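**Q** Only the shape, not the letters, is given here:
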């Protein structure tokens, strides 16, 4: 490895990228991973066991390496990198700056890196009302296309659009309105008010009283919006507050944007931690990702956790913004008060999401210790097989994330060939499940930290053999129902926990949930088969007769109990065919 800045890329046996990192000196950074496993953090040790190959890209500077690292993480979404999730539940106002005549509208889509986004707004109803006021002040287009049309739309008639499609405004003049809108959204109410008041006086001087009245109403609307601001600094500050609230599985990051002394926006992000990064490294990752997609980088950014390389980030942003950018902790009493406000908000949001998870974390930590796992199992998958005498065989996969059922991740499997061999069916389910995840199917990602099956030592040993054949190194245990004993591969004596042990109760819950889910699917398929197939196999019963029977009686069970004369009297039926139906259904 060269002693130069760059990016290193770890891959598993299938060639899939599982981790991307950057380094000031590639050789020194890489050396820290290739040492005695006893010296590595358990999560890093687990990752390195899956590394089969690596690659690297040399860059001209550490700043270039940071940018390239972000781009590669977005491209590959590696399993062991921090996963940055924007809180896209709430809508944004989007301004399409990449177009000659930018469009303004409400969206929940992923940010495209070109347009300007304002928000998010928790109350979409309030946002729509606000947008009505904004359109009266800045009549930007909302339609999908601004190309020339024969006639203007209703928005132009009610003065809610400048109608570039009619050639009524040029590109430069339209851009001036766009710039005023951005200033307004960034909190420059005073400047916009002065401009509107001047226009109102000029209109009144020219005796254009209708225009002056419209401007008067616009001024009143601006003042009303200005009065709604919850936070107002004494100084005319332009800054961002970036606070991180660390958690066990995820970190919460809040960004408060203050422009000209007003709070103009708040962004919420969750950082999923795959391996145990230093919090300074996590903050650096977030800041580089967040501001790498933004154009409105303020002159001052305050944080509660110092990123690993402040000078590197500041240098990148200064080049992008074309001016000096200060990145530091709060200094003045007012700055400290604002940062404390942001931290209080972060704490409330985090507790709202994870308030009941402390006990769950303790249970998972307890399980990891008694089972001698290398990592605390955040994702546990339980499997079960269900059939009726070897027919309609199905499998279930239930997922518990953080000790709680993750029902969106549940999956069920139909075994194509009916089998009366639970292990063969379970082997098929596991092979299909991991073939899908190794192919990159997002429905089966991420892979589990622990696998649970119903059974004893024989079952868990055979499942372990199947996993090894597939090259899968994931811990597997079984839970025997009779005595609630836990078996591990290659260990003859079971692990017996007290009946009130919280770890045992979690495993029991998962096993019972997998059984319920599999049984429900098996029952569903048997009912479907009874309804659909029972009549199909009777000689002389075609589609028309089957439809007539089901429409009249409603179910196969009622057909079975119906008198022969009633069956024979239906349209298209006769006594001979009715007799065949009764004989076949067993009545």
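**A** Structure received. If you're wondering where the values come from, they're calculated on a predicted model, not measured in any experiment.
**Q** got the contact list for the closest residue to residue 349 other than its chain neighbours?
**A** Counting by Cβ to Cβ, 6 or more residues apart in numbering, residue 349 lies nearest to residue 252, which is 6.0 Å off, once chain neighbours are set aside. (C-beta placed from N, C-alpha, C; glycine too.) Residue 252 sits next to 244, 245, 268, 269, 270, 271, 346, 349, 350, 353 when contact means Cβ atoms under 8 Å, 6 or more residues apart in numbering.
**Q** got the buried residues for the helix or strand that residue 252 is a member of?
**A** Residue 252 belongs to strand 250-259 when assigned by DSSP states H and E. Neighbour-count burial for strand 250-259 flags 250, 251, 252, 253, 254, 255, 256, 257, 258, 259 (criterion: 16 or more other Cβ atoms under 10 Å).
**Q** Average pLDDT for the helix or strand following that strand, rounded please.
**A** For strand 250-259, the following helix or strand on the C-terminal side (DSSP H and E) is strand 262-272. Mean pLDDT, strand 262-272: 78.
**Q** who are the neighbours of strand 262-272, in terms of helices and strands?
**A** strand 83-86, strand 250-259, helix 279-292 (3 or more Cβ pairs under 8 Å, 6 or more residues apart in numbering; DSSP states H and E).
**Q** which element follows the host helix or strand of residue 464 toward the C-terminus?
**A** Element membership for residue 464 (DSSP H and E) is helix 457-469. Next helix or strand after helix 457-469 toward the C-terminus (DSSP H and E): strand 476-480.
**Q** report the angle between the axes of the host helix or strand of residue 349 and strand 262-272?
**A** Assigned by DSSP H and E, residue 349 falls within helix 333-354. Going by axes from the mean of the first three to the mean of the last three Cα atoms, to 10 degrees, helix 333-354 is angled at 40 degrees with respect to strand 262-272.
**Q** which residues sit against helix 333-354?
**A** So helix 333-354 is contacted by 231, 233-235, 241, 243-245, 247, 250, 252-254, 256, 258, 266, 268, 302, 304, 330 (Cβ under 8 Å, 6+ apart).
**Q** now swap in stretch 296-305 and tell me
**A** 116, 186, 237-244, 257, 259, 279-280, 283, 287, 291, 317, 320-321, 323-330, 335, 338-339, 342-343.
**Q** Give me the buried entries from the residues you listed.
**A** 116, 186, 237-244, 257, 259, 279, 283, 287, 291, 317, 321, 325, 327, 330, 335, 338-339, 342-343.
**Q** Show the subsequent helix or strand relative to the helix or strand harbouring residue 494.
**A** Assessed by DSSP H and E, residue 494 sits inside strand 491-495. Per DSSP H and E, the first helix or strand lying C-terminal to strand 491-495 is helix 502-533.
**Q** May I see the buried residues of the helix or strand just after that next one?
**A** Where DSSP H and E defines the elements, the next helix or strand beyond helix 502-533 is helix 543-553. Within helix 543-553, the residues that count as buried by 16+ other Cβ under 10 Å are 545, 546, 549, 550, 552, 553.
**Q** Quick check: which helices or strands does helix 543-553 pack against?
**A** Using 3+ Cβ pairs under 8 Å, 6+ apart: helix 543-553 touches helix 556-561.
**Q** starting at the chain centroid, how far to the helix it packs on?
**A** The chain centroid and the centroid of helix 556-561 are separated by 48 Å under Cα atoms, centre = their mean, to the nearest Å.
**Q** Kindly list the single helix or strand of the chain that scores lowest on mean pLDDT.
**A** In the chain, no helix or strand scores lower on mean pLDDT, DSSP states H and E than strand 83-86, which sits at a mean of 66.
**Q** The residue nearest to residue 163 when sequence neighbours are not counted: what secondary structure?
**A** Nearest non-adjacent residue to residue 163, counting by Cβ to Cβ, 6+ apart: residue 156, 4.1 Å away. Secondary structure assignment for residue 156 (DSSP: H, G, I helix; E, B strand; the rest coil): helix.
**Q** Check the gap between the closest residue to residue 20 other than its chain neighbours and residue 445 for me.
**A** Sequence neighbours aside, residue 72 is the residue nearest to residue 20 in space, at 4.7 Å (criterion: Cβ to Cβ, 6+ apart). Distance, residue 72 to residue 445, by Cβ to Cβ, to the nearest Å: 18 Å.
**Q** who's more crowded, the two?
**A** Relative neighbour count places residue 72 above the other of residue 72 and residue 445, with 19 against 14, counting by other Cβ atoms under 10 Å.
**Q** And the next helix or strand past the least confident helix or strand of the chain?
**A** strand 92-95.
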